[in-house]
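In: give me a model of this one.
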Amino acid sequence: MNKHFKKSIVFLLLLCTIISLATPSITADAAKMPYVIHETVESQYLGSGIKYENIKKFTSKGWWNINVVRVDLTDEYAEVKGLMNDKGLSNTTTVSNMVNQKKAVAGVNGDFFNFSPMPHPMGTFIEDGEVISSPIELAYALPTFYIDKDKKADITFFDRRMSLTNVNTGKNVLINLINKAADMKMVTLLNKHWGYKSFGNRYNKDTVELVVIDDIIKEIRIGQPPIDIPKDGYIITVSGDRKEPLLENFNVGDEVKLDIKTTPNLENIKFAIGGGSIILKDGKITNSNINIKGDHPRTGIGITEDGKELLIATIDGRHTLFKGVSQEIFAQILKDLGAYNAINLDGGGSTTMAVKPIDEQVAKVVNKPSDGAERRVPNGVGVFSNAPKGELSYIKVVTDDDKMFLNTSRRFSIKGYDQYHNPIEVNQAEAQYSFEGIEGEMEGNVLKARSKGKATVTANYNGLTASIDIKVLDEVKSFTPSIDKFNITTNSQRNLGSLSGIDKNGFKAKIYPEDVEWTVTNDIGYVKNGVFYSGEKLGSGAVTGRIGQGVNNILISVGGSGVSVEGFEDANNFKFSSYPEYVSGSVGISPEAKQGNNSAVIKYDFSQGDGTRAAYLDLTPAGNKGLTLNGEPIRLGLWVKGDGQGSWLRGIVKDANNKEYYIDFAKTLDSTDWQYVEANIPNVKYPITLDKIYVVETNPDKKHSGEVLIDGLTAIYPPKYDSSNLPKPTSFSDDRNTKSEKTPEGFSIMVAKSQPDIDKVAGFNASNTIRNRANNHDVNIFMGGASTEFIKSIQSKLVLNTGINYTKRDYRNVLFIDANSSKGSIRLTNPDQWIWLKNDLATTDKDHIVLILNTPIFGQNGFKDPLEAQLLHDILVETGETGKSIWVVHGGNGTNVKVEDGIRYIEYNNKPSNNPNEVKNMKAIEFVVNGKDMTYQVNPMFGK
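Out: Numbers count the residues shown, from 1 in each chain. Below you'll find the model as predicted:
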């Protein structure tokens, strides 16, 4: 290996800003891992022998978002291959684009790479025995992951010998690089895998390029611009001193032989890709080369000890929720997943995983790239399923919501799959459904629930069965339509959209419109199966829906009145523009009019180009940009005389926020007669401006020219909505927010505050009032920190001065847990609290649980970590499903109650009072516990 090449490799590593350790090192048998508080695993098959897993671990250091694709190497239909842009290595693209291009089922980013002077991978890239990008020379090599043709996987250091020989003379030169732009003064081979063009003289004016086609030198170029790389050949390029041997030993017309060898043997390599470091060797954490210190996103490949399974994994970082991990921790994670040997690939902003679920057509990114979007990379690792279409092997039952209300319905369907997890078409009508666990009826695929509880719905299809669990909630307390008003033309129909309901415990679920009893006011139409049908009558009215205890209204206006806004009589009111710029045309006026004396004509020529082509009439009345429309029009109408070419007639409107919206007047202008067309105005912020009316062609095969006439632009305004004489919509109210009397066995609780200087701030003996109020209760909870002296003066059975340390206290059938969230969450304050909390929730035999926190969980002043907030909610809901009532009392800026999924979140204003008025407005939250019944009221602390 020559000295210049050695320097170039070192330079390559420095350009990538990678920290390279001089010698391999064993760091530890096990990295120092944070402890796991909670873990969830979701998995799905992507193909035969291919399983995708998303693992979320909540640790003492924060969240890990781990994505893993497991590949069974013993499965004949599962394959791992390289990914790159169809346009070549130098044309970087996103992982999801590569997965879609190559029809893979999953993929991750690949090797470390250099951006300058052109993007190229640092290390090995081999596919089916062909070097796509050459390994680094062994003395400076980085490790390579590879799979041989027997599907045996390994991680090692590759060596290579590459040369070009003149068959006529026997002279040869060593080739230093294949499809890399590491150093233009090295002899480099570029072929179809590089891209479309050679280097040429872009970087060095003395560049020599040998153009080889079918093993014959067709041309020798010196200092010339880049040239197309031949599909059936290659280009040898070099500048500087190394160009002389090429010029001396090779001539146009010479036959040449390319000799490329690697160790391990290239002919036996199915796929290989370079990485940064061996991070796991025979079950021990190690670091062979590159180690970017700190916590970052990571990508890697692991191999199990028996060599039968690959683990292709990513972990997110540099994100508000996911901070990333060190290389040593990543190695331990791979080991815990089952890896015995592992290599890390490029990480940081490059870390990306995309998967294509078996029921979807395109891949989606499943991790959180740290740049906020996918980084373009030169290569990647792809996973492919080559399984044939088999026979129906299993089914799944699916529905649009696994919760439903009492006396509502839920639809089910099935999906079929073969033994290789390929989707198989099924006849939905042949599926037979049954259910258990609740009372109700099953009509075809629709369940009508007549009692609450947990139900299991089972489908039987040609002897195959599958089930799904459903939770039936209480009856609807209130509901909200997805639309609150709409306009409709006469003799038309519109689906009333989706409805969301809530029961008395704050559980939410979807409601089908057909389950609602609808009435229509003002005789403007009727509702059938959740669809509103208008009639001939113009005007306004409403539909009122009733279900359970819920009532709500949707306002409707039928028809509208048109106002002329542009007659196209003056050519000074508009001008021509086009897209792309090569589209030619013009706008003007024509004496052929539908209304008035003239119409506007849009002339266009779409005969050039293959992409979308458009000819615009830009509205410029009085020199203004766009035609401002008064009021709130719901549609725009105009007359159009097409040319029969089938183009699309559209418009562009801008709302008050200057946001553009595209509107459609006519999908195809097939007719040559005058036609009246309308375009609906979407949900915009008024007022709006009509900027353009235009003709557009998107079909690349249609190349035509013509002209279109437009006339009589009209803005259509709806009748005024009428909300008079409608029933008042129901809103959620908590049934437990009620006054209750204590039974002989019952007791009471009060939540309050009493700051040490409250009497001074109030200007009266406020502390005495609070003390007397507290002494009427068996249990008192003081938020915001009361003085020790004041706490000692309270004579109740149990007094909690909260917000300091984690404390668990019992009183009769209530468990009180006081946790500290003052630093932004439970974990950020002290992660050990999570272990105690989970244990206390799981082991208590009490009927009621009251969790006390310094801060809110959700919202602006809630936990800094929204995932931790959601986890706490989910665990509390899970605890509540055991039959316990769950209450969260937390500090905040106000005093209010929110009920969600059976959990009552009670915010108490625990901020110090700064003036007498704030003291007088203090609240007391007072509870009464009578056995398993627990109620509350929010009352003034002082006065009525």
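In: what's the closest non-adjacent residue to H296?
Out: Nearest residue to H296, sequence neighbours excluded (Cβ to Cβ, 6 or more residues apart in numbering): G324, at 4.4 Å. In short, each C-beta sits where N, CA and C put it, glycine included.
In: burial count for that neighbour?
Out: Neighbour count for G324, taken as other Cβ atoms under 10 Å: 23.
In: need the contact list for it.
Out: Residues in contact with G324 (Cβ atoms under 8 Å, 6 or more residues apart in numbering) are 294-298, 315-318, 370.
In: nearest to N553, of these?
Out: Of all these, N553 sits closest to D316, with 45.0 Å by Cβ to Cβ.
In: if I pick that closest one, what's in contact with it?
Out: Contacts of D316 by Cβ under 8 Å, 6+ apart are 64-65, 297, 322, 324, 351, 367-368, 370.
In: and N168, how many residues sit next to it?
Out: 13.
In: doesn't F250 make contact with it?
Out: No: N168 lies out of contact with F250 (Cβ atoms under 8 Å); the separation is 9.4 Å.
In: any idea how far D371 lies from D316?
Out: 12 Å (Cβ to Cβ, to the nearest Å).
In: actually I279, not the one I wrote
Out: Noted for I279: a distance of 18 Å to D316, by Cβ to Cβ.
In: what do you get for S239?
Out: Distance, S239 to D316, using Cβ to Cβ: 42 Å.
In: swap in Y604?
Out: With distances taken as Cβ to Cβ, Y604 is found 49 Å from D316.
In: how about S787?
Out: 46 Å.
In: name the residues that touch the helix or strand harbouring R160?
Out: Assigned by DSSP states H and E, R160 falls within strand 159-166. Strand 159-166 has contacts (Cβ under 8 Å, 6+ apart) with 131, 134-135, 137-138, 141, 171-176, 178, 187, 189, 236, 249-250, 254-263.
In: using PDB, list the CA coordinates for stretch 631-643.
Out: Taking Å, rounded to 0.1, in the frame of the first residue of the first chain, the C-alpha atoms of stretch 631-643 are listed here in PDB:
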ATOM      1  CA  GLY A 631     -68.300  37.900   2.800                       C
ATOM      2  CA  GLU A 632     -68.000  34.200   3.100                       C
ATOM      3  CA  PRO A 633     -68.800  32.500  -0.200                       C
ATOM      4  CA  ILE A 634     -69.100  28.700  -0.100                       C
ATOM      5  CA  ARG A 635     -68.700  28.000  -3.800                       C
ATOM      6  CA  LEU A 636     -67.500  29.700  -7.000                       C
ATOM      7  CA  GLY A 637     -69.300  29.100 -10.200                       C
ATOM      8  CA  LEU A 638     -68.500  30.000 -13.800                       C
ATOM      9  CA  TRP A 639     -69.300  29.200 -17.400                       C
ATOM     10  CA  VAL A 640     -66.700  27.300 -19.400                       C
ATOM     11  CA  LYS A 641     -66.400  26.300 -23.100                       C
ATOM     12  CA  GLY A 642     -63.900  23.600 -23.400                       C
ATOM     13  CA  ASP A 643     -61.900  22.400 -26.400                       C
END
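In: for it, list every residue counted as buried.
Out: By neighbour count with 16 or more other Cβ atoms under 10 Å, stretch 631-643 contains the buried residues 633-643.
In: could you say what helices and strands the helix ranked longest in the chain packs with?
Out: Determined from DSSP state H, the single longest helix within the chain is helix 866-880. Judged by 3 or more Cβ pairs under 8 Å, 6 or more residues apart in numbering; DSSP states H and E, the packing partners of helix 866-880 are strand 50-59, helix 826-829, helix 832-843, strand 885-892, strand 903-909.
In: list the buried residues of it.
Out: For helix 866-880, the neighbour count (16+ other Cβ under 10 Å) marks 867-869, 871-873, 875-876, 879-880 as buried.
In: what does that helix contact?
Out: Identification of contacts with helix 866-880 by Cβ under 8 Å, 6+ apart yields 38, 56, 58, 63, 321, 825-827, 838, 841-842, 849, 851, 857-858, 862-863, 886, 888, 900-903.
In: domain map for the chain?
Out: Here the domain assignment for the chain is 6-123+275-385, 163-263, 392-473, 478-560, 562-717, 747-940, based on automatic domain parsing.
In: alpha carbons only: can I get stretch 665-672 in PDB?
Out: Backbone C-alpha positions of stretch 665-672 (Å, rounded to 0.1, in the frame of the first residue of the first chain) are rendered in PDB as follows:
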ATOM      1  CA  PHE A 665     -64.100  23.600 -11.300                       C
ATOM      2  CA  ALA A 666     -64.000  20.600 -13.700                       C
ATOM      3  CA  LYS A 667     -61.900  17.400 -13.600                       C
ATOM      4  CA  THR A 668     -62.000  17.000 -17.400                       C
ATOM      5  CA  LEU A 669     -63.000  19.500 -20.100                       C
ATOM      6  CA  ASP A 670     -64.300  16.900 -22.600                       C
ATOM      7  CA  SER A 671     -67.100  19.000 -24.000                       C
ATOM      8  CA  THR A 672     -66.900  21.800 -26.500                       C
END
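In: so which bits of that stretch are buried?
Out: With burial defined by 16+ other Cβ under 10 Å, the residues of stretch 665-672 counted as buried are 665-666, 669.
In: and for stretch 885-901?
Out: 885-892, 895, 897-901.
In: out of the residues you listed, who's nearest P912?
Out: Proximity of those to P912, judged by Cβ to Cβ, is greatest for G891, which lies at 11.3 Å.
In: so what's the closest one bridging to?
Out: Y908 (DSSP bridges).
In: for G585, same thing?
Out: When bridges are called by DSSP bridges, G585 pairs up with Y604.
In: can you tell me how far it is from Y662?
Out: For G585, the distance to Y662 (Cβ to Cβ) stands at 20 Å.
In: before we move on, what about I468?
Out: Counting by Cβ to Cβ - I468 and Y662 are separated by 40 Å.
In: so which of the two has more stuff around it?
Out: I468 (18 against 13).
In: tell me which element the more buried one is part of?
Out: Using DSSP H and E, I468 falls within strand 464-473.
In: quick one: strands adjacent to that strand?
Out: Partner strands and pairing direction for strand 464-473 (DSSP bridges) are strand 403-405 (parallel), strand 453-461 (antiparallel).
In: ok, which of those strands comes nearest A387?
Out: Here strand 453-461 is closest among the strands paired with strand 464-473 (Cβ to Cβ), at 21.6 Å.
In: so what's the residue count around G585?
Out: Neighbourhood size, G585 [other Cβ under 10 Å]: 21.
In: quick one: it and S607 touch, right?
Out: No: in this structure, G585 is not within contact of S607 by Cβ under 8 Å, at 11.1 Å.
In: that older thread, what helices or strands is whichever helix or strand comes after the strand holding R160 leaning on?
Out: Once strand 159-166 ends, the next helix or strand along the chain (criterion: DSSP H and E) is strand 172-174. Other helices and strands packing on strand 172-174, by 3+ Cβ pairs under 8 Å, 6+ apart, are strand 159-166, helix 243-249.
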